[in-house]
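> no FASTA, just this:
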């Protein structure tokens, strides 16, 4: 069974631009979560999607948004990029909701650098 | 809201020595607890989890963790480490009610020295 895939793996953008990251979950998984990982703040939860609905959202500004498609694939978008958005963005999928204790499987991440 | 504290940011240890990575959490509700491992340039992998039942949980590669409700701790231990255990380890907690997402600690970098 293929794992969680994220594209692209590396990205360089300029301040003010916008970016879209993509995540394909493991086949059969319906929950997709996104995390931002930085050396200073560690791993921070962005949002969780389940059956195309956002179920939880972390404490991030409205510039960060996401969506989930009917095939469970998910995208996250960051508009008006700032230098502080440079980070590793991790996607994780699970069979069902995090609240039910299902294991999350993480992708390798997308390394975003904002210059 | 939950929070997780990993007391050590870095832990160096000699090969074949025992190790303990400490994790304390705070929560006003019942929780699930997890340990994840991140090898260089890779995503996170689940090492072990506590959902309910026995407070001692084990992984297939020799790690174990014990849920201590009174101490609000979930420390990770291994009796004898290998070079291949060098990685960053994250403790995480989630709320059983589903009202809050998974919260991670800042991580502990384990360095195994030959």
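Received, thanks. No experiment lies behind these values; they were computed from the predicted model shown. Numbering: from 1, shown residues only, chains lettered A, B, ... in the order given.
> contacts and neighbour counts: CA atoms only from here.
Noted.
> need the residues of chain A near chain B, please.
Selection of chain A residues close to chain B by Cα under 8 Å from any Cα of the partner chain yields A:41-45, A:48, A:56-58, A:90, A:97-101, A:103-109.
> In strands only, show me those residues.
Within the residues of chain A next to chain B, residues falling in strands by DSSP state E are A:42, A:43, A:44, A:45, A:48, A:56, A:57, A:90, A:105, A:106.
> Need those residues in TSV (columns: neighbour count and pLDDT).
Converted to TSV, these look like this (neighbours: other Cα atoms under 10 Å in any protein chain shown; pLDDT from 0 to 100):
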residue	neighbour count	pLDDT
A:42	16	89
A:43	24	92
A:44	22	93
A:45	22	92
A:48	28	91
A:56	17	85
A:57	16	89
A:90	25	95
A:105	21	90
A:106	26	92
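> quick check, nearest of those residues to residue B:29?
Checking those against residue B:29 with Cα to Cα, the nearest one is residue A:56 at 17.5 Å.
> is it true that that closest one touches residue A:34?
No: at 10.5 Å, residue A:56 does not count as touching residue A:34 under the criterion of Cα atoms under 8 Å.
> Overlap of the contact sets of the two?
A:47, A:48 (Cα atoms under 8 Å, 6 or more residues apart in numbering or on different chains).
> Residue A:55 versus residue A:45, what's the distance?
Noted for residue A:45: a distance of 12 Å to residue A:55, by Cα to Cα, to the nearest Å.
> same deal with residue A:13?
In this view, residue A:13 and residue A:55 are 29 Å apart by Cα to Cα.
> Could you list the buried residues of stretch A:90-103?
Residues of stretch A:90-103 classed as buried: A:90-99, A:101-103 (neighbour count, 16 or more other Cα atoms under 10 Å in any protein chain shown).
> Any stretches of chain A with poor pLDDT?
For chain A, the stretches with pLDDT under 70 are A:1, A:98-99.
> Centre-most residue in it?
Nearest to the mean C-alpha position of chain A, counting by Cα atoms, centre = their mean, stands residue A:34 at 3.0 Å.
> So which bits of chain B are right by chain A?
B:32, B:41-46, B:51, B:94-107.
> who's in contact with the residue nearest to residue B:64 when sequence neighbours are not counted?
Counting by Cα to Cα, 6 or more residues apart in numbering or on different chains, residue B:58 is the residue found nearest to residue B:64 once chain neighbours are left out, at 4.2 Å. Counting by Cα under 8 Å, 6+ apart, residue B:58 touches B:48, B:64, B:65.
> go on, residue B:28?
Applying Cα under 8 Å, 6+ apart, we find residue B:28 in contact with B:1, B:2.
> That one - that's part of a strand, no?
No: according to DSSP: H, G, I helix; E, B strand; the rest coil, the state of residue B:28 is coil, so it is not within a strand.
> Backbone dihedrals for it, both of them.
phi -100, psi 0 (degrees, to the nearest 10).
> How about residue B:45?
The phi/psi pair for residue B:45 (degrees, to the nearest 10) is phi -120, psi 140.
> Which residues does it form beta bridges with?
For residue B:45, the beta-bridge partners are residue B:37 (DSSP bridges).
> burial measure for it, as a count.
Neighbours of residue B:45 under the rule other Cα atoms under 10 Å in any protein chain shown: 18.
> didn't it look like it was pressed against residue B:38?
Yes: if you go by Cα under 8 Å, residue B:45 and residue B:38 touch, sitting 6.3 Å apart.
> for chain B, what are the low-confidence residue spans?
B:98-100.
> Quick one: the strands in it, in order.
B:3-5, B:10-14, B:19-21, B:24-26, B:31-38, B:44-50, B:56-58, B:64-68, B:73-78, B:87-95, B:103-104, B:108-113.
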